[in-house]
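*Asks:* What would the 3D arrangement of this be:
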Amino acid sequence: MREAPPVSRELKPSWGATLRVYLEPATLRMLFLGFSAGLPLLLVLGTLSFRLREAGIDRTTIGFLSWVGLAYAFKWAWAPLVDRLPVPWLSRRLGRRRAWLLLAQAMIIAGLLGMAVTDPAQSLQAIVGCALLAAFGSATQDIALDAFRIESADVNRQGALAAAYQTGYRLAMIWAGAGVLWIAARAQAAAAGYQHAAWQTAYSVMAASMAVGVLTVLLSPEPQRRPLPPARGAAAWLHEVLVEPFADFLRRYRWQAALILALIAVYRISDVVMGIMANPFYVDMGYTKDEVAAVTKIYGVAMTLAGAFIGGAMTMRMGVMRVLMLGAVLSAITNLLFAWLGSRGHDLQALIFVISADNLSSGIASAAFIAYLSSLTNVSYSATQYALFSSMMLLLPKFLAGYSGKYVDLFGYSNFFTATALLGAPVLVLVWLAARSQAAAGARPGP
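*Replies:* Numbers count the residues shown, from 1 in each chain. Purely as a prediction, here's the structure:
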């Protein structure tokens, strides 16, 4: 029998109870682990595009190199192994989830150090190889961390855990965006133009910053997991690991599975496609590393914290689907603001406004979306199922983003940002259909 998606009939929690959830140990752990998860993303994608553009790499090449991020879109392929297989030696001492987290963090650190010592102006292939290692480690960390988060609290607290995770994630992205630019600018001192040594210092500091995640893993308890029956033979084990997580999702949602997967596939398409060209846009508009870093550091941090908190609180009080719709609308609007920014020239006040709005809307949308994905998983297959959902979230957007540089070269930034906003139109329809489907399923009496 299919289990209908849960629809809460309970009274809304008080604001006091809502706020206290953010002080619970599990929530605080997710803040630090979210930082560890968010740190590598921009360093292998967004910030790297700023570095490459400054080094003289053309926009079309930068766009295609963003396909490094497809490692995140295919993590479902090895998620069953992370979900079920132990890491030799480490799993016996730390537990399966923490062992995989620590191994993944080691890969990220190695990749970032490799990117630090490699000069893209001299060896583009080498820096891409190091970026792939960091991206693979980051995707593996995401698999283990999503399962760790889902298994760390009941469904009623997933919104708060998602908000804390997203806050840490966004703070790390600011550190990996504004922070790395600020460090590179300081290391470069008064010299103008591209300097490899400055970026070497900045990326080395980023690798050291992964210590936040490493220490959190070492100091955290392993979450309790449901015992799994032993598989009888290799074929039964492969079926349990590779087939059953996906079959379980289809059994529970049946025809609604297609609608849910379609929504997941396109929900963040506006943000992801636009994001690859944001940093090259800043460089081409004449903004310095210091200017972008200062605006992101001050206004981006404030709006990120506000967005994640508001998104988490609204999700707990209003329900996930309403906040998903709000997040989709805000994401499209902020992309149009970038098109407007392109018409302003070098306008620092306009940059402050646009970055603030973008971080606020992204925080709200991401907190709701993470809570939505978490609600879809079966705790018995949490790592594999969540990896499938989050991979689908990135597959189409990352593929399209590879052509973003070519599109900008042909049509310009203003048309590009407008087109990415229009990509969000189907999302509104899918959120509406998914909300109606969920409400209808919850209203039907159980079999």
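*Asks:* how close does the closest residue to residue 320 other than its chain neighbours sit to residue 434?
*Replies:* Using Cβ to Cβ, 6 or more residues apart in numbering and skipping residues adjacent in sequence, the residue nearest residue 320 is residue 372, 4.7 Å away. To be clear about C-beta, it is placed using only N, CA and C from the backbone, and glycine gets the same treatment. Counting by Cβ to Cβ, to the nearest Å, the gap between residue 372 and residue 434 amounts to 9 Å.
*Asks:* in the longest helix anywhere in the chain, what counts as buried?
*Replies:* When the chain is scanned for its longest helix (criterion: DSSP state H), the result is helix 348-376. By neighbour count on 16 or more other Cβ atoms under 10 Å, the buried set for helix 348-376 is 350-376.
*Asks:* about what we covered before: got any residues that touch both of residue 372 and residue 434?
*Replies:* Residues touching both residue 372 and residue 434 (Cβ atoms under 8 Å, 6 or more residues apart in numbering) are residue 321.
*Asks:* How about the secondary structure of the residue lying closest to residue 399 once chain neighbours are set aside?
*Replies:* Across the structure, with Cβ to Cβ, 6+ apart as the measure, the residue nearest residue 399 apart from its sequence neighbours is residue 70 (7.2 Å). When the structure is split into helix, strand and coil by DSSP: H, G, I helix; E, B strand; the rest coil, residue 70 lands in helix.
*Asks:* Do I have it right that residue 70 meets residue 400?
*Replies:* No - taking Cβ atoms under 8 Å as the definition, residue 70 is not a contact partner of residue 400, at 11.4 Å.
*Asks:* Now residue 85: phi and psi?
*Replies:* Its backbone dihedrals place residue 85 at phi -90, psi 140, with angles given as degrees, to the nearest 10.
*Asks:* Could you tell me how many residues sit around it?
*Replies:* Around residue 85 there are 13 other residues, counting by other Cβ atoms under 10 Å.
*Asks:* same check, this time on residue 311
*Replies:* Using other Cβ under 10 Å as the criterion, residue 311 is surrounded by 31 other residues.
*Asks:* element containing it, please.
*Replies:* Remark: residue 311 resides in helix 301-318, with elements defined by DSSP states H and E.
*Asks:* could you give the angle of the helix or strand following that helix to helix 348-376?
*Replies:* Sequence order places helix 320-342 as the next helix or strand after helix 301-318, per DSSP H and E. Here helix 320-342 runs at 160 degrees with respect to helix 348-376, directions being taken by axes from the mean of the first three to the mean of the last three Cα atoms, to 10 degrees.
*Asks:* that older thread, I'd say the residue nearest to residue 320 and residue 324 touch.
*Replies:* Yes - under the contact definition of Cβ under 8 Å, residue 372 touches residue 324, with a separation of 6.0 Å.
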